[in-house]
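1. Sharing a model prediction with you, sequence too.
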Amino acid sequence: MALRKILDDNHSALRTPAQEVKKINSAVLRLLNDMLETMRDANGVGLAANQVGVPKRILVASNGEEEVYELINPHCENTEGEALGVEGCLSVPGCYGEVPRAEKIVVKALNREGKPVQLELEGLAARIIQHEMDHLEGILFIDKAVRMIDPEDLKSEEKS
Ligand code: ZN
């Protein structure tokens, strides 16, 4: 495994919709491993392939230690409700904003074995996956944020 460089939002890869994965080969598996390692190294909760310069529809996410998601060609089947929550992004360092997202989602994708999986997610996991799926469309959370938050305010909110 190897760490990959996380691109920032000045890079055109972040603004280009990613392409469908046609074949899950060794390069895709290596990419998944590298993305997980890179995400953890950066203390992130999710990472999309185009954030490391690979224009493929692949994302990884981890909502804490127990739950790890590796999704290939993910798409949203159904959404329910709406919730506002604070997000940041490894590609937009130092910025935080409140973003409206669906409260619950049903996502279909392929896993690393190429088998179809269906996930029913809510709360933080649903938010993270929606954020990463947006990356695959070339969309950043700052496009959807209804309010940007000063990192200093965030710190005092977390403390209280
Ligand atoms: Zn992001």
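-> Yes, it's here.

2. Where does residue 143 fall, secondary structure wise?
-> If you go by DSSP states H and E, residue 143 is part of helix 141-144.

3. roughly how far is that helix from the heart of the chain?
-> Here helix 141-144 is found 13 Å from its chain centre; the criterion is C-alpha atoms, centre = their mean, to the nearest Å.

4. One more: stretch 123-137?
-> For stretch 123-137, the distance to the chain centre is 5 Å (C-alpha atoms, centre = their mean).

5. just to revisit the earlier point, got the buried residues for the helix holding residue 143?
-> Using 16 or more other C-beta atoms under 10 Å as the test for burial, helix 141-144 gives 141-142, 144. For glycine as for every other residue, the C-beta is placed from the backbone atoms N, C-alpha and C.

6. of all the residues you listed, which comes closest to residue 27?
-> residue 141 (28.3 Å; C-beta to C-beta).

7. who are the neighbours in contact with the residue lying closest to that closest one once chain neighbours are set aside?
-> Excluding the flanking residues, the one nearest residue 141 by C-beta to C-beta, 6 or more residues apart in numbering is residue 87, at 4.7 Å. Applying C-beta atoms under 8 Å, 6 or more residues apart in numbering to residue 87 gives the contacts 96-99, 127, 131, 141, 145.

8. Next, give phi and psi for residue 87.
-> phi -130, psi 150 (degrees, to the nearest 10).

9. check which helix or strand covers residue 38.
-> With DSSP H and E as criterion, residue 38 is part of helix 26-41.

10. What of residue 73?
-> Assigned by DSSP H and E, residue 73 falls in strand 68-80.

11. In this structure, mark out all the helices, start to finish.
-> 26-41, 123-136, 141-144, 151-159 (DSSP state H).

12. What helices and strands are in contact with the shortest one?
-> In other words, helix 141-144. strand 96-101, helix 123-136 (3 or more C-beta pairs under 8 Å, 6 or more residues apart in numbering; DSSP states H and E).

13. What residues sit buried inside the shortest one?
-> Neighbour counts using 16+ other C-beta under 10 Å place 96-97, 99, 101 of strand 96-101 among the buried residues.

14. go on, the last one?
-> By neighbour count, with 16+ other C-beta under 10 Å as the criterion, the buried positions of helix 123-136 are 125-136.

15. same check, this time on stretch 40-56
-> Buried residues in stretch 40-56 (16+ other C-beta under 10 Å): 40, 44-52, 54, 56.

16. nearest residue to the most centrally placed residue in the chain other than its sequence neighbours?
-> With distances taken as C-alpha atoms, centre = their mean, the residue of the chain nearest its centroid is residue 132 (2.4 Å). Of all residues not flanking residue 132 in the chain, residue 59 sits nearest, at 4.0 Å (C-beta to C-beta, 6+ apart).
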